[in-house]
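Visitor: Just the structure for this:
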Amino acid sequence: EGHRADGAALARLTGRPAEGHLIHPALLDAALHTAALPAGAPTDRAFVPAGTGRLRFTGRRTAPAWVTCHPRSLSGDTLTYDLRLWDADEHLVLEAEDLRLAALSPLDGALFETRWQPRPDPAGRPDRGSWLILADATGTAAGLTGRLDPSVPHVVARRGPRFAAEGPGRYVLDTADPDQLARLLDEAFADAPPSRVVQLSALDAPAVTDDRTAEEAARLCCLTTLHLVRALAGRGPAPRLFVVVRGSQAAGDSTRVAHPQQALAWGFGLALDQEHPELSTTLIDLPETDGTDALWTALAHADDERLVALRDTGRLVPRLTRARPDDGGAGVSPDGVHLVTGGLGGLGRVVAEQLVRRGARRLALLSRGAPDADTAAWIAGLRDDGVTVHLARADVADRAALTSALDTLRRDAGPIASVVHTAGVLDDATVANLTDERVLRVLAPKVLGTALLTELTPEADGLVLFASAAGLLGSAGQAPYSAANAFLDAWAHHLARTGRPALSLDWGAWSGVGMAAASATRAAETGRSGLLPFTPQEGGELFTRVLGTTRRQLAPLALDRELLALAPDLLRTRPLLADLAGGTRAAGDPDGLAAKALAATTGADRATWLEAYVRARVNAVSGGTVDASGTAALKELGLDSLMLVRLRNDFARDLGVEIPAAEVFAATDTRGLARMLAEALPERAAPTTAEPGEPDRGRPDVPDSELLPATRDVVRLLRSARPDMPAAAHGI
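Guide: Numbering: from 1, shown residues only. Predicted coordinates for the structure are as follows:
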């Protein structure tokens, strides 16, 4: 109950016992809410207590029953009030003069960091199926095979120029050659595919210093796994895939990264888990030395953890937690030249403007092309404001061109004070459609470009790398991009070994600028991943907040908590978010709601249900942009390969049915896809009719409010169907 008059406010407080407090905290909180009552008080923003000029308790132990609120100032980001609490007899209990409330920015909770948490070693029964080990040359494979029980069938394949069988269970092949990988599986696993595949190739990846080492690292960390996953597709039950790296993650007592190039395999594996959840891709980071015993335990007794670092102190798993920069918001030196790569793009322009706001007077904008008319006008505006703007043209992954551009810049403008690396290439493609050339093209600016910028600007005392949340969480259809951004994170930590300042920012989506904004499909996929976009203004503000921090890695993210709570399958493939999503319902599984609904049908009703289910899922993965009610081919409806991958994964999650991606891509229409599902479904017992008073076992026992929307619609229509209305489900 509240009243306001003459610019002040009066409110009744519901009495609560003090319970050991002078005044119960709930009463104080309720009293503070009266700050929104006086006329003119802002109601479009949240405010939190920030301090008080004078706080006085009168000594009365009676419970406050009323509060009066008299504003002093109601403008700007800080509001000031005089607040008084009175008991039922109108005696003063507490007085707060000059109480200050500060505006809470929506960006205050948008910075996150990775914390590695201890987990006990897995203790499940050891796997007794067959193993395939793609060996490294550092001795890790040899250590593993020495620990394998001789009764466990296993094949070890080492790298070499051409395919050859060296003995029972021992092969040599070019692991980046798809034909040789297929031959290995044909010969070594003719009867059944392996149950575990251990990919150790990344352990041999060289440090990135030039074109040759960058390509070799890409081949060992990304291309071998790409062709391996393709070779495994459609060969029966999917194995569990383990990708093993060493010293690529800043986990444990030492947060310094020894081998940042191996983080390429980590990022690539994150994206694989989004596209091919049937592989249960598990990423394991070894300590700088040895760790073979712990690796053996992690492989043989693997549990549900997909991201693991093995250290001398034990097993660690990553979780995102909120972060507040220790020394953010620093000014920018007006004396040096501040270099922005990708400087003519949308993100580069935002960064340049924020640097100027913080004091920069000399900018160097590096880009591969010349400015268009709009960008030229923007540059002219900066110069009119007294900012010196130098333009440089070079590809950051071209050593000769970059060296020439930087030499010219130093001659014309002076030494480089800081570097902000926003340049990048995004070329979306599912694993089925990737080529070696496309992978290398995406990696080049962020991998070799970052290494060259670090080497060629030794005088710069600041290096900010614009990475992406894809490098933290993975992103379906963006495996090379995820790999490149994981490298940036590892590189920033790696530079701690030399003492050079560096910060990697794992940005979520931006609206209006950046690569994700260039594609409606890309933006929609980002929205489905649980991330909301930042406006250029919000992103720019966050960038300035982290300037000067001593941290090596931060993730500016706007999380869609409602979506995360309602879509637990996102957490299964993105374990870093597990501690941020709050309570969620259990993830879908073959014995879940959709499977129960399906089990309640037989014959023609089952075919009808499956057609309705397929249409509902097509509608969901397309964001409602297609009409799936007709007989048009799926690709004619506008479904791209990434949407079809999501569709296939939905089938596996909801019904426990694995359909090879190639068959989903080849389906003629939704009816054909429903027939595929029907043929792939295992035999199920027919539902029994419940006796009066007994629960109907054929009906789902999960409340409708907790269902995925498409499944909820199907179930509701099935429940409403009557024998005289057989087409009830056709209107989805």
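
Visitor: mind listing the strands in the stretch 51-200 of the chain by residue range?
Guide: If DSSP state E, counting those that start in this stretch is used as the criterion, the strands of the stretch 51-200 of the chain fall at 64-73, 78-87, 92-104, 111-119, 131-134, 154-159, 164-167, 170-173, 196-199.

Visitor: in what helix or strand does residue 555 lie?
Guide: In this structure, residue 555 is located in strand 553-556 according to DSSP states H and E.

Visitor: For whichever helix or strand comes after that strand, what is the distance to the chain centroid?
Guide: Proceeding N to C from strand 553-556, the next assigned helix or strand is strand 558-559, under DSSP H and E. Offset of strand 558-559 from its chain centre (CA atoms, centre = their mean, to the nearest Å): 10 Å.

Visitor: What of stretch 598-616?
Guide: On CA atoms, centre = their mean, the centre of stretch 598-616 falls 34 Å from that of its chain.

Visitor: Mean confidence (pLDDT) on it, please.
Guide: Summarised as a single mean, pLDDT over stretch 598-616 is 81.

Visitor: Flag every buried residue along that stretch.
Guide: 598-601, 606-616 (16 or more other CB atoms under 10 Å). C-beta here means a position set from N, CA and C on the backbone, and glycine is covered the same way.

Visitor: then it to PDB, C-alphas only?
Guide: Taking C-alpha atoms only, stretch 598-616 is exported to PDB below (Å, rounded to 0.1, in the frame of the first residue of the first chain):
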ATOM      1  CA  LEU A 598       5.000 -42.100 -30.100                       C
ATOM      2  CA  ALA A 599       4.700 -45.400 -28.100                       C
ATOM      3  CA  ALA A 600       1.000 -44.600 -27.600                       C
ATOM      4  CA  THR A 601       0.400 -44.900 -31.400                       C
ATOM      5  CA  THR A 602       0.200 -47.900 -33.800                       C
ATOM      6  CA  GLY A 603      -0.300 -48.500 -37.500                       C
ATOM      7  CA  ALA A 604      -1.800 -45.600 -39.400                       C
ATOM      8  CA  ASP A 605      -2.000 -43.500 -36.300                       C
ATOM      9  CA  ARG A 606       1.800 -43.800 -35.900                       C
ATOM     10  CA  ALA A 607       2.400 -42.700 -39.500                       C
ATOM     11  CA  THR A 608       0.100 -39.700 -38.900                       C
ATOM     12  CA  TRP A 609       1.900 -38.800 -35.700                       C
ATOM     13  CA  LEU A 610       5.300 -39.100 -37.400                       C
ATOM     14  CA  GLU A 611       4.300 -36.800 -40.300                       C
ATOM     15  CA  ALA A 612       2.900 -34.300 -37.800                       C
ATOM     16  CA  TYR A 613       6.100 -34.500 -35.700                       C
ATOM     17  CA  VAL A 614       8.400 -34.100 -38.700                       C
ATOM     18  CA  ARG A 615       6.400 -31.000 -39.900                       C
ATOM     19  CA  ALA A 616       6.600 -29.500 -36.400                       C
END
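
Visitor: Please narrow the buried residues of stretch 598-616 to those residing in helices.
Guide: In helices, defined here by DSSP state H, the members of the buried residues of stretch 598-616 are 598-599, 606-616.

Visitor: Check those and tell me the two furthest apart.
Guide: 599 and 615 (20.0 Å; CB to CB).

Visitor: Doesn't residue 364 belong to a helix?
Guide: No: under DSSP: H, G, I helix; E, B strand; the rest coil, residue 364 sits outside any helix and is assigned strand.

Visitor: thinking it is in contact with residue 412, fair?
Guide: No: counting by CB atoms under 8 Å, residue 364 does not reach residue 412; the two are 9.1 Å apart.

Visitor: quick one: which of these two has more around it?
Guide: Between residue 364 and residue 412, counting by other CB atoms under 10 Å, residue 364 is the more crowded of the two (26 against 12).

Visitor: list the contacts for the closest residue to residue 132 other than its chain neighbours?
Guide: Nearest non-adjacent residue to residue 132, counting by CB to CB, 6 or more residues apart in numbering: residue 194, 4.2 Å away. Residues in contact with residue 194 (CB atoms under 8 Å, 6 or more residues apart in numbering) are 129-132, 155, 239.
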